[in-house]
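Asks: below are the sequence and a predicted model for it; my questions follow.
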Amino acid sequence: MNNQIKRLLTMLLTLFMIITSFPLNAFAAQTETNVRNEITDIRTVGDKQVINLGNVRGEKPQLRFLSRSVRFFGATPTQARSSSETVAQKVEINLETLGLNLGGNEFDPSALTEAGSFDVKITFKELGGTRTETRTMTFQAGEIKKTETFYLPKDFGNGNVEAEIPVLKDNIALRVYVGATGTTNFNLGKDMTYKFELTQIIHPVIGLKVVDPYGKELKENINQDLGLKLALEKEHDFDLPANTKTLNIRTLTDFADNNIEDLNYAEDNLALSLTTQLDAKNKLKVGDKTYKLNKITYNALGQEVEINGQKKKVGGYIEFATQPKIIVPTPDDSGNLPKTPDGYKRLSFHAETSANAQDGRFENGEKLKVIDVLEGTEYTDTDLQNQIKGIGQPTPIIYGRKDDNKKFLKWKPELPTKGPVADTEFRPVYLADGGEITPGEKLPDGVFEVKVIKDDTIAKDDLYGKSYGVFQGSKLARDKFPDLVAEKGHQNPKWTTEAEDSATGMVDIAKPWTKVITKATTFKATAAEKAATKIGKDGLKAVDTTALQGQELDEKFWHKGVELADNTPADKKNAFAALLKDATVTDITNPARTTAEAGDKVGTLLVTFKDGSTLEVPNQKLIVKPNTVKVELDKDAQGAEKPLRDGDTTVKGKISASSNSDKFPVSLDGALVTIKKGDTVLSRTLAKADGSFVAGVKDPLVAGENISVVVTLPESKTESTPVTEKVQLNPDKLNSIIPTGEAVVKNLEGKKGVDQTKVATLKAAIQKAYDDLVVKAPQGKKQKDQKAKSTVTVDADGQKSLDNQYEAIKKAIEELRGNSAPIVNGTTSHKEIFKGDTLNLEDGITVTDKDSTEKVSDIAQVDNKDFTYKVEKIEKDTRTEITKENLAKINQTPGTYEVTYTAKDKSGAEGKFVMTLVVKEPVVEIMTTRPTGGLHTGYKPKGYRPASKGAGFHSVQARPLTRRYPLKGICITCHP
């Protein structure tokens, strides 16, 4: 609400109060008073408020003087009138209510009682007598007027009238006015009218609560006035008196005489604030006590709080927390500690080395002791130091009992001795017998420091330089002593310790771990100089070494990188050479040098002699030659590279290494050649010494496929970059049948007795082949050498179009000849075996002929067989036919062979079937673990070879290759 609205409300409220202070007919008659008669005799009795409504004059007769005389002389006075006669006494109460903000807010009936009703109990009391008459008027929510008629005895004497109502809530202001008569003195029987005005006000009670830092209420007051400011329509400054917890602001002079206009104002911007000065941290110093302001709030409609253990409603609420320097929190019934209070730091001392370790307890079985310390307190504070000392030391336990093999050593982190406190979790360090300690630290009684040290003659080890706490009468365990290793140039290491006689100094001790400890003890390792140092650090020189990319670098290789220095004395050269020969040479370059990438790499070699002494040889150059392999596929007689074609069952070619030179010859013999289609391996074979290779594939190649060749050189474990070729179309069958078809057309075209329609069909099929599929041979050239047209797609569909046209021409020829050629089939067009495998070339070959019947075969047999075959060995561009007497030996001769099967019918028509046969040497695959699925058919593990001979499982067939692939704790298997 803005200031204009506030001023308007104030003016209206003031006007309302002025108007309501006059009788209702104040402006109707000039003779009546301009001021209403307000009843102020209102007192609280228990849980009731009693209102003195006025006096009543009764009609009880008065005794005359004569009567007094007669009475004096013993006469009987005249009797009063009968009490059964009554007078109707009418009482009317008008109830007016006003909500907050001058009625801008509707009056809340629950502000009277929870039910919202309002009871007024009217009682007439006779003065000097015992007679009373009582009636109760109940105003329900919304009722504004009640009338009650009392029937009082006519002889009712003088008396008074009281109204009794329940004690109103603090946020209700009551004013009572006499009605139109304007008087509080009534004659019996005269109507009595009153107005009860109930005005809802903001909650006027201010409550103060003092709590400890955890929020628990204390029975404690603040011994100082607290200055407060309540911002209503106006601002009101007042004090909460010292040692006071509750204040009703209606008792203040600002609101005296029911001056409650400002208390009716209830907007959102009402605020209660503290005018007493606090420090920067909201703290108040009162004597030797410090309080922190937790909260100060105001709610016009009241807020429920708990003060002195009782829930009550207040308008304003102030909460201060005491600020003791040190507090020890108390766990609740569930054993949980309260949260760390604001402005405090918690020091937690655990008896367990880690959560739920169950390895320690305090004296009374506690796992945890806690101190909350006021922020800013220094560790040097005497009270804090005493409190920490009072924590005590936890006791190590095991299985619920004291662990005699451990003692409390210290807190971790170490307990600070200065600086301000901070939230810290302290865990105990329990020292086991022989446990490591910080050199020189204070030890529990009965524990001695035992040092394990060395001098410069002993090689470094992390165990040297450590100290241990050993219980009296115990020994330091063996694992606390390093194995003795002399420093470079030294030998014969040994242990020494203090002699019993301190004047003797150190004495040798063979096994220091057997000595019983009864005092602080030192064990020192020392050694004598080695004779091998006579070679000296300048007695060796580095020699350049060359390796192939991917080559394994072993000790034998690195040994070539070190020689005796040129200035080695002649008389010592042989002896030094013998020492170097027996030494071990390793690369200690960091990061280690590898052959993963080509280039020159300079590093350091370490020469370790038999006696353990070592020399470093710096600036040794490793020259890594690139593992670049050139792959050339098979070439024709003119030297042109022959492309891979659809239907091919072999991949031929030759490899060469770019790094090969006279100084660094690269062997190609046994290089692993892998044929792949994508990630699928089609075949593996080994190259010959000249780099040539022939690899058979199980399934014929298909036009459009991308075939890759990858090479792994014998001295390298890294595959070369793949060389990829696309499989081209193979028009050979179509080209081979076209001349035959043309000859048939030439012989039969126009001849009588020949179906010329069939001749035309054949001629059209040949022409379609020329038009769409293959190039027609120029004059003087052979059709079989011609290629497919560029318009034919290089894929399986394109090849199918060539093969389909071949079949169309073949069928047309057969239609004209009236004879079908035999069909020869085999189980596979590509067959691979290992050297020595059983071989039957006739196995799986079948011949069928459409012209044969069940009883009569049209096949022309040779030696009682339906087919004949010939075998040719293929090497580069050379085909060598295998003689009949050598056919039985081809399974012992590795290589690639082509077997051509032929069948003829009695009319001379023939059919053919070609199978590629590959007789292979074993190809090895090196693996890191023994194969779980076993080796390939025909291969058995021969046994485990010990590490001294090259550990690993190996197969019988793998043995010839161990010279190329030495076994080093690995498994090998053979694959076809």
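Replies: That came through, no problem.
Asks: least trustworthy helix or strand in the chain by mean pLDDT?
Replies: When the helices and strands of the chain are compared on mean pLDDT, DSSP states H and E, helix 65-72 comes out lowest with a mean of 32.
Asks: neighbouring strands of the helix or strand following that helix in the sheet, and parallel or not?
Replies: Next along the chain after helix 65-72, taking DSSP states H and E as the criterion, comes strand 86-98. Applying DSSP bridges, strand 86-98 is found paired with strand 145-153 (antiparallel), strand 192-200 (parallel).
Asks: longest strand of this protein?
Replies: Ranked by residue count and defined by DSSP state E, the top strand of the chain is strand 289-307.
Asks: domains of the chain?
Replies: 37-200, 205-323, 327-432, 447-529, 534-625, 629-726, 923-975 (automatic domain parsing).
Asks: lowest mean pLDDT across those domains, which one is that?
Replies: Ranked by mean pLDDT, those end with domain 923-975 in last place, scoring a mean of 41.
Asks: for residue 612, which of the strands paired with strand 86-98 is the nearest?
Replies: strand 192-200 (101.0 Å; C-beta to C-beta). No exception for glycine: its C-beta is placed from N, CA and C like everyone else's.
Asks: what comes up buried for the next helix or strand after that closest one?
Replies: Per DSSP H and E, the first helix or strand lying C-terminal to strand 192-200 is strand 205-211. By 16 or more other C-beta atoms under 10 Å, the buried positions in strand 205-211 come out as 205-211.
Asks: residues in contact with the host helix or strand of residue 138: which ones?
Replies: In this assignment (DSSP H and E), residue 138 forms part of strand 132-139. By C-beta atoms under 8 Å, 6 or more residues apart in numbering, the residues outside strand 132-139 that reach it are 91, 93, 95, 117-126, 146, 148, 150-152.
Asks: could you tell me which of those count as buried?
Replies: For those, buried by 16+ other C-beta under 10 Å: 91, 93, 95, 118, 120-124, 126, 146, 150, 152.
Asks: doesn't residue 571 belong to a helix?
Replies: Yes - secondary structure of residue 571 (DSSP: H, G, I helix; E, B strand; the rest coil): part of a helix.
Asks: neighbours of it, just the number please.
Replies: Residues lying near residue 571 (other C-beta atoms under 10 Å) number 7.
Asks: in which helix or strand does residue 386 reside?
Replies: helix 382-391.
Asks: now do stretch 666-679: distance to the chain's middle.
Replies: The chain centroid and the centroid of stretch 666-679 are separated by 45 Å, computed with C-alpha atoms, centre = their mean, to the nearest Å.
Asks: next: stretch 710-725.
Replies: Worked out by C-alpha atoms, centre = their mean, stretch 710-725 lies 42 Å from the chain centre.
Asks: then stretch 896-911?
Replies: That offset, for stretch 896-911, works out to 72 Å (C-alpha atoms, centre = their mean).
Asks: who's in contact with the nearest residue to residue 177 once chain neighbours are set aside?
Replies: Spatial nearest neighbour of residue 177, excluding adjacent residues (C-beta to C-beta, 6 or more residues apart in numbering): residue 195 at 4.5 Å. Contacts for residue 195 (C-beta under 8 Å, 6+ apart) come out as 93-96, 176-177, 179.
Asks: in the stretch 451-600 of the chain, which spans are helices?
Replies: 555-559, 570-582 (DSSP state H, counting those that start in this stretch).
Asks: for the chain, same thing?
Replies: Assignment of helices within the chain using DSSP state H yields the ranges 3-20, 65-72, 382-391, 555-559, 570-582, 732-748, 756-768, 796-817.
Asks: how about those helices, which one is nearest residue 660?
Replies: helix 555-559 (18.7 Å).
Asks: that older thread, turn the strands paired with strand 86-98 into a markdown table, columns for distance to residue 327.
Replies: Putting those into a markdown table (distance: least, C-beta to C-beta, whole Å) gives the following:
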| stretch | distance to residue 327 |
| --- | --- |
| strand 145-153 | 59 |
| strand 192-200 | 44 |
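Asks: distance of the residue nearest to the spatial centre of the chain relative to residue 435?
Replies: Nearest to the geometric centre of the chain sits residue 355, at 22.5 Å (C-alpha atoms, centre = their mean). Taking C-beta to C-beta, to the nearest Å as the measure, residue 355 and residue 435 are separated by 21 Å.
Asks: tell me the bridge partners for residue 347.
Replies: Applying DSSP bridges, one finds that residue 347 bridges with residue 371, residue 424.
Asks: any idea how far residue 168 is from it?
Replies: Counting by C-beta to C-beta, the gap from residue 347 to residue 168 is 53 Å.
Asks: need the contact list for residue 153.
Replies: 83, 85-87, 131.
Asks: do the same with residue 328
Replies: 370-372, 387.
Asks: now neighbour count too, for these, in CSV please.
Replies: Shown next, in CSV, are the contacts of residue 328 (neighbours: other C-beta atoms under 10 Å):
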residue, neighbour count
370, 19
371, 20
372, 26
387, 17
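Asks: so which of these is the closest to residue 56?
Replies: When these are compared against residue 56 (criterion: C-beta to C-beta), the nearest one is residue 372, at 68.7 Å.
Asks: these two touch, right, that closest one and residue 348?
Replies: No - using C-beta atoms under 8 Å as the test, residue 372 is too far from residue 348 to be in contact (9.8 Å).
Asks: now do the buried residues in stretch 486-498.
Replies: Within stretch 486-498, judged by 16+ other C-beta under 10 Å, the buried ones are 486-487, 489-491, 493, 495-498.
Asks: next step: those residues restricted to strands.
Replies: 490-491, 493, 495-498.
Asks: now the two most distant members of the residues you listed.
Replies: So for these, where distance means C-beta to C-beta, the most widely separated pair is 491 and 498, at 24.6 Å.
Asks: specify the beta-bridge partners of residue 486.
Replies: Going by DSSP bridges, residue 486 forms beta bridges with residue 458.
Asks: quick check: it touching residue 460?
Replies: No - using C-beta under 8 Å, residue 486 makes no contact with residue 460, being 11.5 Å away.
Asks: on that earlier part again, pick the one among the buried residues of strand 205-211 closest to residue 827.
Replies: residue 211 (97.7 Å).
Asks: residue contacts, residue 273?
Replies: 228-229, 231, 296.
Asks: try it again at 6 Å.
Replies: residue 229 (C-beta atoms under 6 Å, 6 or more residues apart in numbering).
Asks: if I look at it, how far off is residue 235?
Replies: Residue 273 is 10 Å from residue 235, by C-beta to C-beta.
Asks: rewinding a little: can you put the contacts of residue 328 in CSV and add distance to residue 449?
Replies: Output for the contacts of residue 328, formatted as CSV (distance: C-beta to C-beta, whole Å):
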residue, distance to residue 449
370, 33
371, 32
372, 37
387, 31
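Asks: just those residues now: which is nearest residue 777?
Replies: residue 370 (104.7 Å).
Asks: now that closest one: closest residue in space that isn't a chain neighbour?
Replies: Here the residue nearest residue 370, using C-beta to C-beta, 6+ apart, is residue 348, at 5.2 Å.
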